[in-house]
Every structure is written in structure tokens, then in C-alpha cells.
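Colleague: Sharing a model that was predicted from the sequence below.
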Amino acid sequence: MRRIVVIGLDGATWDVILPLVDQGYLPTFRALLEQSGWSRLRSVAPPLSPPAWTSFMTGANPGKTRVFDFIGRADDGSFRLVNGQWRALPSLWRILSDAELTVGVINVPMTYPPEPVKGYLISGMDAPIKDRAVGYPPHISSLLKEAGLPYRVEVHPARLVAQSPEQYLHTYVNEVNQVTKEHGAVARWMWENAHPQFLMVTFINTDRVGHAAGRYMRDILEGKPVPPDHPWVQTYQTADQELAALLSSIPPDTTLIVMSDHGFQPYEQVFNLNYWLKEQGWLALDENKLRPSRWGKLAPLWERLQYKLRRYGRKNLLEQAAFFRAIDWSRTRAYSFGAFGSIFLNVKGRDPYGIVAPGEEYEEILNELVQSLQEIRDPHTGHPIIQHVQPAREVYSGPYVHLGPDLLLETAPGYFIRNALDEYRPTLLYPAGRYGNRSLEHTGMHHPEGILLIRSPHVRPGQHPTAQITDVMPTILALFDLPVPSYVDGRPLEGWFTTPLHWEMRETEHHEEVVGEYSEEEAQLIAKHLRELGYL
């Protein structure tokens, strides 16, 4: 019986792993690199967990999956928090279950609400409940409790008043690593007791610490020896140890896949894209709505109070968020929304208050924005801020392209685009650090290239050409001798294997799910969590 284990390391990057292997910190990775095929893994655009993990589990790009960001645009033009029910294609574990293969899925993002599978599924970060397992079967939390296994989805950042930011970072790193150990213990329990033919677990510590300790990554990138108490060392060592613990239970003929949804990089400056759009005349604001003048010098306190009291429920986020309520839509042709600076045009017939005519006017604005964005320079250094920009239709394909952004941006190294819902700064650039009411710094951002490693008796060891994240799902189907649905964008990684992969592509219609929403309470819990992580 063929069995496959997939270990997801959210946000893991070879730029950290390889230097730490050389410094002797990651013995499990050292052994795996000698035994396995490995490569960089190109993520989706933008390289965010919801679209990236969704494209992994479906083998398709966001234009087909309908998941572009943490926030999705519905057909009526409203923006709402997304979860796994937005996904318009069946998941890998749905396909495996339908083929009568048993599965165990633990903590993969965009798996809430949990779907029935032939085995077990524990929802990931889009689950609104963070202190226990929510999944299938519904009594999964009770099963873990009976087995003596604690389970948390996430850590809630909350710095004590007496703690310095550095002290709290140390506390946070320890807590996030402890959550990873909990997830690893559950994965071993599931493997040893349920004996699934397919097992997947995703560890989150490599992503969470990446954001909070991004500035510490510089030491590793510059080739400096780093001490054992370095936050990145502690985090990747924990992942390495959990890999070793799980591998001790896995027979050598089991196919092992280690992957990430994106990579990581540090940044020093935030590029205030909506401010730039305003200054260039693309976006119009009523700034009196952003900071009531009657508060005078107390305005910062007022803003912080508003931030703490803000409650995002099921309504359109553009109607609830302070910044977007201040937009004059009658004079706004373009605006940015989402965690990576995607740009939306305000189009007639598509958007609720659209003023841009489809066709010639749309194309002219799109072309002018592309040209202008490429010309932006840091006023202090003269360096370009935007590394790459292109129309989203050139990146995405499928029936849901119209629900995504119009322009996709990739910043130059060192710059991050942050579009907060409740904070507006009238400046082009500002330093990375603590934002809003967050307890943690935010100095690390996603990179488009993650990691992929495959260990199998039939895989050629050594480095392989860069793969696409959509290639992993069809590779798994081919290994199980299952047909690949025709909507899949990726292809099995045949060149990695010493023996032929016998696979076929089968004509398959798009499998559209009904878009579901969080309840009011669930939406508030998810929004609070995403604000803590720096995504809202």
C-alpha cells in the first residue's frame, strides 16, 4: 500500500534553512537534503497563505479557486473575510477520499468549515476557535483530549505591560514553538493510530516568527554565525526536531514531501500605496473622517480607542473600516486593498460605486498605473520601490478572474505594502515596526519562493529546477495512480523520479461550492486574529 506524508512549513525558506544546516543547527534537514530531491517552490501572486495553500490543495490558480487573499470580493462587489468554503474546486483530500483512500489532515489553512473526509481533518488558521481542534469527525477534539493531547490552532499575542518588545518576542517564540510541538504530537498520534494512506500537517511557527522577527533574519542572510538563542534558530530547530520525531515513525519506503506556501524576507520600510494613489489623484479621501479635528492632540488616543473597539462582522469590510469609509467613491478611480498592495479599479457595472468605464478608459488607466508604479523611487535613496507590476489577467485564468484585483505588485527587497483598515498615515514611507494595537513588531514579509523537498526511493537526490506550487497536488495524484483533473494548472514532477509516473488527465468540470460566510461572532474572532498578525 502506497503512503504519502506531506509536512507543510508555513513560510519556510531555503535562505534560512541552508545557512542553518551549514552552521550545524538542523541535522534532520541535513540528512534529508542528502537523501532527497529538492528545489525552490514558486508561490502564487500575491504570496499569501489563503491563495497559496488553496492552490496547493487544488492544483489551480486563484482565478479558478476564487481565493485571492484573506479577504474576498463577492459577486455584488462587497469584500468579506474568506474561509475554505470560498474554494470553488475540490481539495486534494476530497479527491483522495472519493477514491476510497484514507486521509489525515492537520492545520492546513483554508480548511474551515471542516469537510467530511475518509479519515480525519482538523481545520487550520481560518477556524474561528483557536484553543481547541475543530474538524471532522465533529468529536475530534474529544478524541485528542482522551489521548492526552493538547491542541491549539494559534497563539494570541498579548504583551504584558512590564515586558519590553524584546522580552515579549522571546515569550512569543517559545509559545509558537510549543504550538508546533502540539501539532507534531497530533500528527504522530494520527499516523500511528489511524494509519492514513495520506497524512498532512502544517507547522505555523516558521511563518509567525518570520513576521515578528524579520529584522533578525538579516544576520543569517549576511552569513553571520548566529547563537542558539537566535529566534530563527529556535524556530527552525523546533521544526527540524518535529520532522525527526515524525520521520521516526515513517517507513523509508513512504514518500515524504516537505513544502512551504511561500518564503520570507526582512523589510525596513512600508510603502504607503494608498497615500501614493491619493497624491497622484487616483484616490480621493475626506481626511476629516479619518481624524476628527475636535480631538486635536488627543487624536492618536482616539485612533487607538477606535482600533480597540472596531468590530468586523459579516458586512462589507469597505463599509466598516475607518479608512475605506473616508473614500470619496465618486472621485476614486483606483485603490489598494489586501495584505500585499493589490490594486483595484473602481469599475462601472462591477463595483458598487464604479466610475471607470470598462473598455478603453479601463485600459488607459491600467497602462498609466503600470508605468507610474514602475517609476516610483525612494526619496531618500533613489532606489525603485516597485520591482514588478502587471495586470492580474496576465497572471490568473479561470471563471473568477473578475473577482480578483486588477493589478498585482511585487515590491523591491526591503519594502512592504501595508493597507490597514483602520490606520492611515499621510506619508509615502514609514519604518517597519509595531502597527496599530499589535503587541509584536512586524518586520518580516513573504517572499514568492518557498521550499519543496521529496524523499522517496524513486526520487533523484539533489537540487531540481524551481517547481510551481500547483505542481505538488498532481504529483501526489500521480503517485497514487489517480487521474489529474483537467482544470489543474500544475503538472506532475516527472523529472524528479527515476521510474516513470503513469498518469492521465481526465476531463473534469469545475466543481463549484456554495460560498459560505462566518457568523457575526466568528467573523469578529477571525478579524481580531488577522489584525494581530498584521494582515488587517
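Modeller: That came through fine.
Colleague: Domains in the protein, by residue range?
Modeller: 4-252+446-533, 268-442 (automatic domain parsing).
Colleague: Where among those is average confidence lowest?
Modeller: Among those, domain 268-442 carries the lowest mean pLDDT, a mean of 84.
Colleague: for that one, how far is the first residue from the last?
Modeller: For domain 268-442, the first-to-last residue distance is 10 Å (CA to CA, to the nearest Å).
Colleague: host element of residue 190?
Modeller: helix 165-194 (DSSP states H and E).
Colleague: what sits against residue 498?
Modeller: Residues near residue 498 by CB atoms under 8 Å, 6 or more residues apart in numbering: 458, 459, 460. The C-beta positions use only the backbone N, C-alpha and C, and glycine is treated the same way.
Colleague: ok, 6 Å please
Modeller: 458, 460 (CB atoms under 6 Å, 6 or more residues apart in numbering).
Colleague: 56 is where my numbering starts, stick with that
Modeller: Got it, the first residue is 56 from now on, which makes the last one we talked about residue 553.
Colleague: Distance check, it against residue 512.
Modeller: Plainly put, residue 553 is 8 Å away from residue 512 if you go by CB to CB, to the nearest Å.
Colleague: contacting residues around residue 515?
Modeller: Counted by CB under 6 Å, 6+ apart, residue 515 has contacts 92, 553.
Colleague: Residue 382 versus that one, what's the distance?
Modeller: 54 Å.
Colleague: circling back: what residues of the helix holding residue 245 count as buried?
Modeller: Residues of helix 220-249 classed as buried: 223-228, 230-232, 234-246 (neighbour count, 16 or more other CB atoms under 10 Å).
Colleague: And the very next helix or strand once past that helix, how far out from the chain middle?
Modeller: Next along the chain after helix 220-249, taking DSSP H and E as the criterion, comes strand 253-258. In terms of CA atoms, centre = their mean, to the nearest Å, the centre of strand 253-258 is found 16 Å from the chain centre.
Colleague: who does whichever helix or strand comes after strand 253-258 touch, helix- and strand-wise?
Modeller: Sequence order places helix 260-267 as the next helix or strand after strand 253-258, per DSSP H and E. On a contact count with 3 or more CB pairs under 6 Å, 6 or more residues apart in numbering; DSSP states H and E, helix 260-267 meets helix 220-249, helix 286-302.
Colleague: Please give the centre-to-centre distance between helix 260-267 and its chain.
Modeller: Distance, centroid of helix 260-267 to centroid of chain: 12 Å (CA atoms, centre = their mean).
Colleague: Quick check: closest non-adjacent residue to residue 258.
Modeller: Excluding its sequence neighbours, the residue lying closest to residue 258 (CB to CB, 6 or more residues apart in numbering) is residue 235, at 4.6 Å.
Colleague: ok, longest strand in this structure?
Modeller: When the chain is parsed with DSSP state E, its longest strand is strand 318-326.
Colleague: who does it pair up with?
Modeller: strand 469-472 (parallel), strand 484-486 (antiparallel), strand 499-502 (antiparallel) (DSSP bridges).
Colleague: Could you export the last one as CSV, CA atoms only?
Modeller: If I follow you right, that is strand 499-502. Coordinates of each C-alpha in strand 499-502 appear next as CSV, following Å, rounded to 0.1, in the frame of the first residue of the first chain:
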residue,chain,number,x,y,z
GLY,A,499,9.3,40.2,8.1
MET,A,500,7.3,39.7,4.8
HIS,A,501,6.5,36.9,2.5
HIS,A,502,8.8,36.1,-0.5
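Colleague: Would you mark the buried spots in that strand?
Modeller: Result for strand 499-502 [16+ other CB under 10 Å]: buried residues 499, 500, 501, 502.
Colleague: Also stretch 534-541?
Modeller: 534, 535, 537, 538, 539, 540.
Colleague: what sits against the third one?
Modeller: Under the criterion of CB under 6 Å, 6+ apart, the neighbours of residue 537 are residue 154.
Colleague: Need the three-state assignment for it.
Modeller: coil (DSSP: H, G, I helix; E, B strand; the rest coil).
Colleague: correct me, but residue 559 touches residue 536?
Modeller: No - with contact defined as CB atoms under 6 Å, residue 559 does not count as touching residue 536 (9.8 Å).
Colleague: And the strands in the stretch 356-505 of the chain, which stretches?
Modeller: 389-391, 398-400, 441-446, 462-466, 469-472, 484-486, 499-502, 504-510 (DSSP state E, counting those that start in this stretch).
Colleague: Which residues does the fifth one contact?
Modeller: Contacts to strand 469-472, defined as CB under 6 Å, 6+ apart, come from residues 322, 323, 324, 325, 326, 328, 396, 440, 500.
Colleague: Could you pick out the buried ones from those?
Modeller: 322, 323, 324, 325, 326, 328, 396, 440, 500.
Colleague: Tell me how far the fifth one lies from residue 335.
Modeller: As for residue 326, its distance to residue 335 is 13 Å (criterion: CB to CB).
Colleague: do the first one as well
Modeller: With distances taken as CB to CB, residue 322 is found 23 Å from residue 335.
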